[in-house]
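Q: Sharing a model that was predicted from the sequence below.
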Amino acid sequence: MTKERLYLYDTTLRDGQQTQGVQFSTSEKLKITAVLDALGVDYIEGGWPGANPTDSEYFEQVGPMRPVLTAFGMTKRAGRSAENDDVLAAVLNANTPAVCLVGKSHSFHVSTALGITNDENTENIRVSVAHIVAQGREAMLDAEHFFDGYASDPAYALEAVHAAHDAGARWIVLCDTNGGSLPDDVGRVVAEVIASGIPGDKLGIHTHNDTEHAVANTLAAVLAGARQVQGTLNGLGERCGNANLTTLIPTLLLKEPFASRFETGVTLEALKGLKKASRVLDDILNRVPAKQAAYVGSSAFAHKAGLHASAIAKDPTTYEHIDPALVGNARIVPMSNQAGQSNLRERLMQAGLEVERGDPRLPRILDRIKEMESQGYSYDTAQASFELLARKELGMLPEFFEVKRYRVTVERRRNKRGKMVSLSEAVVVVKVAGEKVLNVSESIGPDGSDRGPVNALSRALAKDLGPYQAIIDDLRLIDFKVRITDGGTEAVTRVIIDSADAQGRTWSTVGVSANIVDASFDALLDAINWKLIRDGATV
Ligand SMILES: CC(=O)SCCNC(=O)CCNC(=O)[C@H](O)C(C)(C)COP(=O)(O)OP(=O)(O)OC[C@H]1O[C@@H](n2cnc3c(N)ncnc32)[C@H](O)[C@@H]1OP(=O)(O)O
Ligand SMILES: CC(=O)C(=O)O
C-alpha cells in the first residue's frame, strides 16, 4: 500500500517562543534550527520578522536549509492595501520561501479584537494570501480560533478559510487557539471542512494543550484527513504549550494506524536522535528534562516495581510499548523499596557489576536499601547513590579521599552602598594521596551575587582533589532539590542533587540529615565519587 505523506511543521521558534519565560537568542534559534533539520521536519517557522530584533536577525543569518523556512505574520490590517501594510511588508522582506499568516476565523474575534466587519476580515485574508502568492511564495493561513469559531458561527468560519483557499493558499491550518477542544469534535469538524470543499491535503492542524489533548486532537485531525501537523519540540508554546512533536513524531512513525498509512520526512534512523533533540532544547532553556515525558523522559522506560523488573528481565516487551532504542532512549531498572532481586541484578549489571543469582550479598543490599529508604533516603531517582551503596556492600567502593572536616558560614552585612548582602564561605579539609589539603571557597556567581552555602561547599570540595582534580573539573551541579520528609521517628531533610559533565552524562545523588548542609554535603560527595568511579579513577 502506498503511504500518504504527512507534513511536519515546527513552530518551536515562534509559538514556542511565546512560552512564558522563554526568550531565545539568535544563536540559540540557529542551534534549534540545526536540530530540527537533522530530525527531518518539513517546515520550520522561524519567527515573526519585524516583530523584534532577534527574529529579524535570525532570518538574516539562517541561510539555506532542507526544511522550508517559513516566516510568520498577520493578515493585513483593514483600511490599507496589502502593499502598504508595514507589518506584512516586514514579514515578506525576510524573503522566505513560505509565509504563514494568522487570520481571524471567529466572528466574535473579528468584531471584538479587530473591530471590523466579517466582510472586511474576509477581504483582508483574501488580499493578504493573494499578495503572498503573487510574490511566488508558498502561502499559509493559520485560521485562529477556528474550532471555537466553527462552534459558534460555522458559516463565517468556513467563509474565512475558503477565502484563503480560493486565493491560492497551499495550506489552511485549523487552529485550536485556546486549546479547549476535544478529539471527537476536532475530528468531526475537520471532516466537515473537507466536505465543504477544501481537500485534506491542503489542511493543517495547530493545537494547544490546555486540556492535555493537543496530541490527541492532532491525531484526530489526521485521521479525519488533515495532512499538515504543527507542533513544537517538548510541547513548548503559549500558556500550556502546543502539540508536542517529541510525542507526535514517534507516534506517527511507530503506532497504528498511522505507521502503515502515512510517511513523514523523519526516517527511523533520525528518530534515534529524538531524545537528544529534546535534551538540546532543555539545555538551551536551562530546564531540567521532564522525567515523565512520553518516549524521551528518563522515566519513560524505568521499571521500578519488582514484578515489572522480573518480567522485563525475561522479555522487555512485557512492560514496554516500544523498544526505547528506537527514540534514542534507554531502559532503566531503578532501585527502591519496591524492588526485588531482579531489579537489583539488572541495575547492577547496568553499572558493570555482575552478581550471580543467589549471591548472599543481593538480599543484604536490598535490606540496606529498604532500611535507608525508611530513614528518608530515596534511590529511585538517585541512582548514582544507589550504585555507591551497592558497591560498598559488595566491597567494591574505593576510598579516593577522606573528608576530615568542613565548615560553612553565611554572613549577612551591609555593603559600601548600604545594601544588605550575603557572603557564603566554605572550608573543606580532605586527605588525598596521603596529603592533607585545605580548600577555601566563596560562593559568588558571575553577576557578583552570593550563590549560597551549598554552592560554596561544592566549590571548596571540588577545588583541589589532588590526582583526581582533572577528572572532576567538568562536573556541574545542574539541579538541587530539598524536601522535608519523614525519617522514621522525626522529620529530616532530603537533598537530591543532579550533576552533569562534559561527556553529556547526568546523574543524581541523595543525602539525608536533620541538617540541610550535611545532607547536601553527602549528596555532593556521592556525585564526585560516582564520577571518579565511572571515569576509571584508581586509588
Ligand atoms: C494566536 C497566536 O499566537 S498569533 C501569534 C501572536 N504573536 C505575537 O503577538 C508575538 C509578536 N507580536 C508583536 O511583537 C506585536 O504584537 C506586533 C509587532 C505584531 C504588533 O504590535 P502593535 O502594533 O504594538 O500591536 P499590538 O500587539 O498592541 O496589537 C495587535 C494589533 O494587531 C491587530 N491584529 C490582531 N490579529 C490580526 C490579524 N489576524 N490581522 C490583522 N490585524 C490583527 C489587533 O487588532 C491589534 O491592532 P489594534 O492595536 O489596532 O487594535
Ligand atoms: C496561530 C496560533 O498560534 C494559534 O492560533 O494558536
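A: Sure, I can see it. Ligands and ions are numbered 1, 2, ... in the order given.

Q: going forward, measure contacts and count neighbours with C-alpha atoms only.
A: OK.

Q: what residues does this protein put near ligand 1?
A: 51, 74-77, 102-104, 113-114, 144, 177 (CA under 6 Å from any ligand atom).

Q: pLDDT value on residue 487, please?
A: If you check residue 487, the pLDDT there is 68.

Q: which residues touch the closest residue to ligand 2 within the stretch 151-300 of the chain?
A: Nearest to ligand 2, among the residues of the stretch 151-300 of the chain, is residue 177, at 3.6 Å (CA to the nearest ligand atom). Applying CA atoms under 8 Å, 6 or more residues apart in numbering to residue 177 gives the contacts 144-146, 206-208.

Q: Identify those among these that sit within strands.
A: Of the contacts of residue 177, the ones assigned to strands by DSSP state E are 144, 206-207.

Q: Now render these as JSON lines, adding neighbour count, distance to residue 243 and pLDDT.
A: Output for the ones in strands among the contacts of residue 177, formatted as JSON lines (neighbours: other CA atoms under 10 Å; distance: CA to CA, whole Å; pLDDT from 0 to 100):
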{"residue": "144", "neighbour count": "23", "distance to residue 243": "15", "pLDDT": "98"}
{"residue": "206", "neighbour count": "27", "distance to residue 243": "7", "pLDDT": "99"}
{"residue": "207", "neighbour count": "30", "distance to residue 243": "6", "pLDDT": "98"}
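
Q: So which of the residues you listed reach ligand 2?
A: Among the ones in strands among the contacts of residue 177, ligand 2 is touched by residue 144 when using CA under 6 Å from any ligand atom.

Q: Domain map for this protein?
A: 4-266, 306-394, 401-534 (automatic domain parsing).

Q: CSV for those, including distance to residue 293?
A: Formatted as CSV, those follow (distance: least, CA to CA, whole Å):
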stretch, distance to residue 293
domain 4-266, 8
domain 306-394, 11
domain 401-534, 17
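
Q: Deepest-packed of those, please.
A: With neighbours taken as mean count of other CA atoms under 10 Å, these reach their highest mean count in domain 4-266, at a mean of 20.

Q: ok now that one, how far from the chain's centre?
A: In terms of CA atoms, centre = their mean, to the nearest Å, the centre of domain 4-266 is set 21 Å apart from its chain centre.

Q: end to end, how far does that domain reach?
A: 14 Å (CA to CA, to the nearest Å).

Q: so how far is residue 31 from residue 283?
A: Separation of residue 283 from residue 31 (CA to CA): 11 Å.

Q: Please apply the same query to residue 452.
A: In this view, residue 452 and residue 31 are 32 Å apart by CA to CA.

Q: what's the spacing between the closest residue to ligand 1 within the stretch 151-300 of the chain and residue 95?
A: Of all residues in the stretch 151-300 of the chain, residue 177 sits closest to ligand 1, at 5.9 Å by CA to the nearest ligand atom. Distance, residue 177 to residue 95, using CA to CA: 27 Å.

Q: what distance separates stretch 391-410 from the middle of the whole chain?
A: Relative to its chain's centre, stretch 391-410 lies at 34 Å (CA atoms, centre = their mean).

Q: With stretch 528-539 instead?
A: Distance, centroid of stretch 528-539 to centroid of chain: 30 Å (CA atoms, centre = their mean).

Q: First-to-last residue distance for it?
A: Note: stretch 528-539 ends 14 Å apart using CA to CA.

Q: again with stretch 283-298
A: 15 Å.

Q: Run through the strands of the stretch 51-200 of the chain in chain order.
A: 68-74, 98-104, 138-144, 171-176 (DSSP state E, counting those that start in this stretch).

Q: quick one: stretch 107-124 near ligand 2?
A: No: taking CA under 6 Å from any ligand atom as the criterion, stretch 107-124 and ligand 2 are apart, separated by no less than 11.9 Å.

Q: if we look at that stretch, which residues are touching it?
A: Under CA under 8 Å, 6+ apart, the answer for stretch 107-124 is 75-78, 104, 149, 153, 156-157, 159-160, 163.

Q: Residue 306: which of those is nearest?
A: For the contacts of stretch 107-124, the closest approach to residue 306 (CA to CA) belongs to residue 149, at 50.8 Å.

Q: Dead centre of the chain: give me the residue that sits there.
A: Centre of the chain computed as the mean C-alpha position; nearest residue by CA atoms, centre = their mean is residue 234, 4.1 Å away.

Q: can you give me how far the host helix or strand of residue 368 is from the chain middle?
A: Assessed by DSSP states H and E, residue 368 sits inside helix 361-374. Centroid separation for helix 361-374 versus its chain: 34 Å, with CA atoms, centre = their mean.

Q: ok, and what's touching that helix?
A: 335-337, 339-341, 344-345, 355, 378-379, 386, 389-390, 393-394, 487-488.

Q: quick one: which of those residues sit in helices?
A: In this view, those that belong to helices under DSSP state H are 341, 344-345, 386, 389-390, 393-394.

Q: now these in CSV, with distance to residue 503?
A: Listed next are the ones in helices among the contacts of helix 361-374 as CSV, based on distance: CA to CA, whole Å:
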residue, distance to residue 503
341, 31
344, 26
345, 26
386, 21
389, 24
390, 24
393, 28
394, 27
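
Q: Tabulate the residues you listed in JSON lines, adding columns for pLDDT and distance to residue 20.
A: Output for those, formatted as JSON lines (pLDDT from 0 to 100; distance: CA to CA, whole Å):
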{"residue": "341", "pLDDT": "81", "distance to residue 20": "45"}
{"residue": "344", "pLDDT": "84", "distance to residue 20": "42"}
{"residue": "345", "pLDDT": "86", "distance to residue 20": "44"}
{"residue": "386", "pLDDT": "92", "distance to residue 20": "36"}
{"residue": "389", "pLDDT": "95", "distance to residue 20": "41"}
{"residue": "390", "pLDDT": "93", "distance to residue 20": "42"}
{"residue": "393", "pLDDT": "92", "distance to residue 20": "47"}
{"residue": "394", "pLDDT": "92", "distance to residue 20": "48"}
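
Q: Tell me the one among those residues nearest to ligand 2.
A: Nearest member of the ones in helices among the contacts of helix 361-374 to ligand 2, counting by CA to the nearest ligand atom, is residue 386, at 44.7 Å.

Q: Within range of ligand 2, give me the residues from the stretch 151-300 of the chain.
A: 175, 177.

Q: helices or strands up against the longest helix along the chain?
A: In the chain, taking DSSP H as the definition, the longest helix is helix 516-534. Applying 3 or more CA pairs under 8 Å, 6 or more residues apart in numbering; DSSP states H and E, one finds that helix 516-534 contacts helix 383-394, helix 453-461, helix 469-472, strand 490-500, strand 506-513.

Q: Put together TSV for the ones you listed, with distance to ligand 2 on each row.
A: Formatted as TSV, the helices and strands packed on helix 516-534 follow (distance: least, CA to the nearest ligand atom, whole Å):
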stretch	distance to ligand 2
helix 383-394	40
helix 453-461	41
helix 469-472	45
strand 490-500	35
strand 506-513	34
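
Q: Any chance of the ones you listed in JSON lines with distance to residue 525 as columns?
A: As requested, these are arranged in JSON lines below (distance: least, CA to CA, whole Å):
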{"stretch": "helix 383-394", "distance to residue 525": "10"}
{"stretch": "helix 453-461", "distance to residue 525": "8"}
{"stretch": "helix 469-472", "distance to residue 525": "12"}
{"stretch": "strand 490-500", "distance to residue 525": "10"}
{"stretch": "strand 506-513", "distance to residue 525": "9"}
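
Q: tell me the contacts of residue 129?
A: 75, 101, 139-141, 164, 167-169.

Q: And residue 501, by the same measure?
A: Counting by CA under 8 Å, 6+ apart, residue 501 touches 474-476.

Q: Distance check, it against residue 468.
A: Applying CA to CA to residue 501 and residue 468 gives a distance of 15 Å.

Q: same thing with residue 446?
A: In terms of CA to CA, residue 446 sits 26 Å off from residue 468.

Q: in this protein, what spans have low per-residue confidence?
A: Across the chain, the ranges flagged by pLDDT under 70 are 487-489.
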